[in-house]
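Test case, fold it:
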Amino acid sequence: MGSLFAGIGGFCKAFELEGCKVAWANDYDKYVKITYEKNYNNRFIFKDIKELSVTKDELDPVDILTAGFPCQPFSIAGNRKGFNDKERGNLFYEISRIINEFGDAKPKILLLENVKNFKKEEYISKVIEELNRVGYWIDSNFIKVLNTHELTDLPQNRERLFMIALNKDYFFNTPLSFPENTAYKKRKPFDLFNTKIKTDDYYYFKPHTKYWNLFNEQMDKYEKAGHKKVYLLRRWYVRPYLNGYTPTLTANMGTGGHNVPVIKDRWGIRKLTTRECARLQGFEDNWFIIPDNLSRTQIYKQIGNSVSIPLIRELAKICIKAIKDLKITNN
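Numbers count the residues shown, from 1 in each chain. Modelled structure (predicted):
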């Protein structure tokens, strides 16, 4: 497989864990490059996708191409300019350009990811039209919103839109289906948090400051009754998450108290650490290295921009099986 807009390698790790070789990955964030190269040994191409070339950059043909292209133009929380965002909204078309450059060696399967709001007809219709134009089957049956907490053991409420497209030269019908809700035994959020030891002072709100007061008032209703919850500040309203999962991790978690999930431990009221957020995305302690030369703001951003590895593994299984079935049929 190959990965465009690879970020810190959520797609790459998921496919690797399912037995797929990562041929190459591409991204143009200098901080992402540091984290990616700290954690993977495969080829990482640090270059703006608009300048990426199959020929000049010697991109090996791949069976599967993944791309979690920029979501800000399509997100409810973003500018919502969509494809009219000239800087980021049109980057989707760079994917189809790269595909075309492969010629007869186009990827057999495309796996694309974006925010839930991308499912609007004004966006999806353009994707379907463009991918059909470059030789892929894709319709509404291949486009679905999936939630991390419904399909994996991770307790994060994270809805993302996934799109699968099949190369018409290899697939003559639509043999794939998205995973259904699974019977995973859900992990509890606090099983992923370090609450037995005091963490770095950076994460704690100082008593009687603005954010501390806002959270403390709401927490008193639940914590005194023995109900440990995860909280998030929505503008000026603190929302407790009562259903056994955490809110969606976002790229702007490191920019203030109103973005990062918050808990209370025996030492005070604090934000989730970068390591705890990594766990909520499936980046396990035994292999994921957080570079010590990057700011917490950058690490939060990278984790919030990534995908949930266990969810991508479910999709990887489907894609890899389809490729293997093709080879069996051709033999």
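
ranges for the helices of the stretch 51-200 of the chain?
92-101, 121-133, 148-151 (DSSP state H, counting those that start in this stretch).

chain center to the first one: distance?
Okay, so that is helix 92-101. How far helix 92-101 lies from its chain's middle: 21 Å, per CA atoms, centre = their mean, to the nearest Å.

Likewise for the longest one?
For helix 121-133, the distance between its averaged C-alpha position and the chain's averaged C-alpha position is 22 Å (CA atoms, centre = their mean).

and it with helix 92-101, angle?
Counting by axes from the mean of the first three to the mean of the last three CA atoms, to 10 degrees, helix 121-133 lies at 10 degrees to helix 92-101.

What is the longest helix along the chain packed up against?
In the chain, taking DSSP state H as the definition, the longest helix is helix 309-330. For helix 309-330, the elements it packs on are helix 10-17, strand 64-67, strand 109-115, helix 148-151, strand 159-167, judged by 3 or more CB pairs under 8 Å, 6 or more residues apart in numbering; DSSP states H and E. Placement of C-beta: from N, CA and C, glycine included.

The fourth one - what's its average pLDDT?
Model confidence over helix 148-151, given as mean pLDDT, is 93.

Please save the CA atoms from it in CSV.
C-alpha atoms of helix 148-151 as CSV (Å, rounded to 0.1, in the frame of the first residue of the first chain):
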residue,chain,number,x,y,z
THR,A,148,-14.7,4.3,16.4
HIS,A,149,-16.6,3.4,19.6
GLU,A,150,-19.1,1.3,17.6
LEU,A,151,-16.6,-0.7,15.6
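
Contacts only, for the closest residue to residue 276 other than its chain neighbours.
Excluding its sequence neighbours, the residue lying closest to residue 276 (CB to CB, 6 or more residues apart in numbering) is residue 193, at 5.2 Å. By CB atoms under 8 Å, 6 or more residues apart in numbering, the residues touching residue 193 are 263, 265, 272, 276.

Can you tell me which of these has the most neighbours?
If you count neighbours using other CB atoms under 10 Å, the busiest of the contacts of residue 193 is residue 272, which has 25 neighbours.

and that residue, backbone torsions?
Note on residue 272: backbone dihedrals following degrees, to the nearest 10 are phi -60, psi 140.

Does it touch residue 263 like I think?
Yes. With contact defined as CB atoms under 8 Å, residue 272 reaches residue 263; the gap is 6.7 Å.

and for these two, which residues touch both?
193, 230.

Count the residues that sit near residue 50.
Residues lying near residue 50 (other CB under 10 Å) number 11.

Burial check on the closest residue to it other than its chain neighbours, number of neighbours?
Spatial nearest neighbour of residue 50, chain neighbours left out: residue 94 (5.8 Å); criterion: CB to CB, 6+ apart. Residues lying near residue 94 (other CB under 10 Å) number 18.

can you give me the mean pLDDT across stretch 181-188?
Averaging pLDDT along stretch 181-188 gives 77.

next one: stretch 107-126
In this model, stretch 107-126 has a mean pLDDT of 89.

now swap in stretch 244-251 and tell me
Confidence over stretch 244-251, taken as the mean pLDDT, stands at 92.

gap between it and the chain center?
Using CA atoms, centre = their mean, the offset of stretch 244-251 from its chain centre is 12 Å.
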